[in-house]
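K.L.:
no sequence for this one, just the structure:
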């Protein structure tokens with residue numbers, strides 16, 4: 001049977017938006033505006049959320065480590081999206097770069113109660129995955145104006161339009177740790193310490209595992225010989241391209257008050273200017289995280305009796 005637009009998107013299970021806001025605190029909310037809460041879905045190492053593309057249910061990766069929102073070319077063809085005649089895109093990431101392609105324009109994209117109109121989308125092949133397809137990924141070009149509450153333990157993502165609280169997580173009832181953010185383009189950068197060496201790291205919900213990149217390896221004095229005895233494997237980079245990585249045990253990792261002893265992290269020879277590391281879901285999923293470019297900070301909340309963890 002040929003695959004049609006109806007068959008493709010009807011195969012994606014309904015993931016309704018949730019009306020309740022977990023962990024809401026009493027007291028002033030400073031005009032912060034809730035924009036809905038949706039389910040976070042972990043599938044084969046990827047973090048996905050339900051969206052609507054012109055009212056049609058779909059699912060997309062949520063990727064704070066991508067500067068652009070993208071769509072799979074096959075899905076764009078099924079939706080018969082028009083080209084954007086003024087915008088060409090070539091994405092660079094772990095594993096290399098995509099070919100130059102003209103963007104397409106999606107009339108309406110919704111996540112929770114947040115709706116974006118006339119969205120210019122870069123065309124990038126979605127990573128291979130079993131089951132219902134991934135329509136694309138939500139990048140920082142759309143997410144940047146929002147405050148995002150990732151409750152990884154509860155499996156929800158709450159979206160907010162920032163109010164007068166300066167991006168503070170006023171909806172949380174428990175204390176939070178504040179880590180200052182820097183910006184590299186649209187990306188959220190934090191200062192971290194790996195094996196007593198200060199590095200720059202991207203908060204990257206699109207990365208299944210944390211990765212030390214070439215500049216970070218250089219800063220740490222890691223040479224190919226020091227990785228020769230480490231297990232090696234192949235991951236997937238931008239556009240699903242294969243990436244060779246080594247699994248290396250470090251002494252310690254710290255960002256703010258979050259400390260991890262003897263973590264095993266991936267090391268790649270991919271080079272992204274000014275970025276030493278991607279902090280991925282292996283670390284982020286053990287916390288609750290409020291990401292606010294408005295506040296210029298990311299907040300972490302304790303999720304258990306001990307906040308020092310081994311990954």
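P.N.:
Good, I have the coordinates. Computed from a predicted structure; not experimentally measured. Residues are numbered from 1 along each chain as shown.
K.L.:
quick one: low-confidence ranges for the stretch 101-250 of the chain?
P.N.:
Scanning the stretch 101-250 of the chain with the threshold set as pLDDT under 70 gives 164-168, 170, 236-241.
K.L.:
Would you map the helices across it?
P.N.:
Secondary structure of the stretch 101-250 of the chain (DSSP state H, counting those that start in this stretch): helices located at 140-143, 214-220, 224-227.
K.L.:
Out of those helices, which is closest to residue 56?
P.N.:
Evaluated over the helices of the stretch 101-250 of the chain, closeness to residue 56 peaks at helix 140-143, with 17.7 Å, by C-beta to C-beta. In short, each C-beta sits where N, CA and C put it, glycine included.
K.L.:
how distant is the closest one from the center of its chain?
P.N.:
Chain-centre distance of helix 140-143: 10 Å, with C-alpha atoms, centre = their mean, to the nearest Å.
K.L.:
now stretch 215-229
P.N.:
Stretch 215-229 sits 26 Å away from the centroid of its parent chain (C-alpha atoms, centre = their mean).
K.L.:
between the helices of the stretch 101-250 of the chain, which one is nearest to residue 268?
P.N.:
helix 214-220 (7.1 Å).
K.L.:
Enumerate the positions of the closest one that are buried.
P.N.:
For helix 214-220, a neighbour-count test (16 or more other C-beta atoms under 10 Å) marks 214-217, 219-220 as buried.
K.L.:
Run through the residues that contact residue 203.
P.N.:
Each residue near residue 203 by C-beta atoms under 8 Å, 6 or more residues apart in numbering is listed here: 64-65, 188-190, 279, 284, 289, 291, 298.
K.L.:
Neighbour count and distance to residue 110 for those residues - can I get that in a markdown table?
P.N.:
Output for the contacts of residue 203, formatted as a markdown table (neighbours: other C-beta atoms under 10 Å; distance: C-beta to C-beta, whole Å):
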| residue | neighbour count | distance to residue 110 |
| --- | --- | --- |
| 64 | 27 | 19 |
| 65 | 23 | 22 |
| 188 | 26 | 23 |
| 189 | 19 | 29 |
| 190 | 19 | 30 |
| 279 | 26 | 28 |
| 284 | 23 | 25 |
| 289 | 22 | 23 |
| 291 | 24 | 20 |
| 298 | 30 | 25 |
